[in-house]
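In: just coords:
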C-alpha cells in the first residue's frame, strides 16, 4: 500500500486574468485524482479580475480549491511565504508551486507524482534547460544568459544548478524552515535565495525537464536591473555564505504575511 501524502498546489498570481483559467484547466485531468488534495490561488491584490477568473475556472475542478487574497502586494516571494505557512499549518506534506502566468505546465510533473519519483528529493525543481526540456518563444539571448548564470551559481554553490527558478517546483514541507525563509527577498529573486539555501543546508535537490512557453504573458523582469541583483546575490553568497543567510534580504519587512480566503469550494474540509 502506497504511503498517503497530502499535497497542496500553490498558484501565485498577479494581473493574470487572461492566463489563470488556462493554468487551472491544466488540472482537469483524472490522473491528478488522489495526488492533489488542495489547489490554492494566492492573489497579490490584482487590480484586474484575476480572483474572479480563478474562482470561475477552479469551480470546474474535481479538486478542493481556494482563492486567497493577500492583504498587501507581497511580491512573488511574499506569496511563497504565505503558501508555505498555510500548507504547514494545515498538515500538508508537499507543496507544488505553479506560476499563474501559464508559462509552465503542471502536467510535466504528473508522471513523477504517479511513479513516486517526485516525493524522493526534498526539492524537485522544474528546469527549462535540462535535457528533454522544451522552450517555446524563448529568445536565444535569454537562454544563453540563463545558462551562464546556472554555471556561475553551480561554481559558487558547489552543486550543479540547472535552473535558478522556473514556474514549476515541488517541496517537502518538513524541510521548510519558516523562520529562515522569512527574511528571503519578497521579489522575484526569492527562488534564487531559496535554492542557494537548500543547497547550503544540504537538502536533496533534483531537477526535472519541463515545457516553458512565452505567449501573452507580461514579464515583470527588467533584464539589466535583474542581472545586477542576481550577480550581487551570488557575490555575497560566494564570499560570505554564513552572513548571507543571516541577513534580511527584504526591501520592506512584514511581521505577518496576512490575507484571507475570498472564494472556496464547498467540499474544502473545515479548517483546511
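Out: Okay, I see it. Owing to the predicted nature of the structure, the values given are computational and were not obtained by experimental measurement.
In: how close does residue 76 get to residue 42?
Out: Taking CB to CB, to the nearest Å as the measure, residue 76 and residue 42 are separated by 10 Å. Yep, even glycine has a C-beta here, placed from its N, CA and C like the rest.
In: Those two: which is more packed in?
Out: residue 42 (26 against 22; other CB atoms under 10 Å).
In: any shared contact partners between residue 76 and residue 42?
Out: Common neighbours of residue 76 and residue 42 (criterion: CB atoms under 8 Å, 6 or more residues apart in numbering): residue 12.
In: How much space separates residue 148 from residue 131?
Out: Look at residue 148 and residue 131: by CB to CB, they are 18 Å apart.
In: Compare these two and say which is more crowded by neighbours.
Out: residue 148 (10 against 7).
In: For the more buried one, pull up the helix or strand it's in.
Out: The secondary structure element spanning residue 148 is helix 140-157 (assigned by DSSP states H and E).
In: With adjacent residues omitted, what lies nearest to residue 163?
Out: Residue nearest to residue 163 in three dimensions, not counting chain neighbours: residue 127, with 3.8 Å by CB to CB, 6 or more residues apart in numbering.
In: Against residue 233, how distant is the one you found?
Out: Looking at residue 127 against residue 233, where the rule is CB to CB, the gap reads 19 Å.
In: Run a quick neighbour tally on the nearest residue to residue 138 once chain neighbours are set aside.
Out: Residue nearest to residue 138 in three dimensions, not counting chain neighbours: residue 214, with 5.9 Å by CB to CB, 6+ apart. A count of nearby residues for residue 214, using other CB under 10 Å, gives 15.
In: list the contacts for residue 214?
Out: Remark: with contacts taken as CB under 8 Å, 6+ apart, residue 214 is in contact with 103, 136-138.
In: Residue 147 reaches residue 129, doesn't it?
Out: Yes. Taking contact to mean CB atoms under 8 Å, the distance of 6.0 Å between residue 147 and residue 129 places them in contact.
In: neighbour-wise, which of these two wins?
Out: Residue environment comparison for residue 147 versus residue 129 gives the larger neighbour count to residue 129, 19 against 14, counting by other CB under 10 Å.
In: Let me see the confidence value for that one.
Out: Taken from the predicted model, the pLDDT recorded for residue 129 is 92.
In: For the stretch 51-200 of the chain, just list every one of the helices.
Out: In the stretch 51-200 of the chain, helices defined by DSSP state H, counting those that start in this stretch lie at 75-89, 110-115, 140-157, 178-181, 190-200, listed in chain order.
In: Out of those helices, which gets nearest to residue 246?
Out: Counting by CB to CB, residue 246 lies closest to helix 178-181 out of the helices of the stretch 51-200 of the chain; the figure is 9.6 Å.
In: so for stretch 153-170, what's the average pLDDT?
Out: 93.
In: buried residues in that stretch?
Out: For stretch 153-170, a neighbour-count test (16 or more other CB atoms under 10 Å) marks 153, 156-157, 161-170 as buried.
In: Then stretch 233-246?
Out: Judged by neighbour count (16+ other CB under 10 Å), stretch 233-246 contains these buried residues: 233-234, 236-237, 244-245.
In: for stretch 166-185, same thing?
Out: For stretch 166-185, the buried set under the neighbour-count rule, 16+ other CB under 10 Å, comprises 166-173, 176, 181-185.
In: Pull the most distant pair out of those.
Out: Considering CB to CB, no two members of those lie farther apart than 168 and 183, which are separated by 25.0 Å.
In: so what strands line up beside the helix or strand hosting residue 42?
Out: Per DSSP H and E: residue 42 is located in strand 38-43. Taking DSSP bridges as the criterion, strand 38-43 pairs within the sheet with strand 7-13 (parallel), strand 65-70 (parallel).
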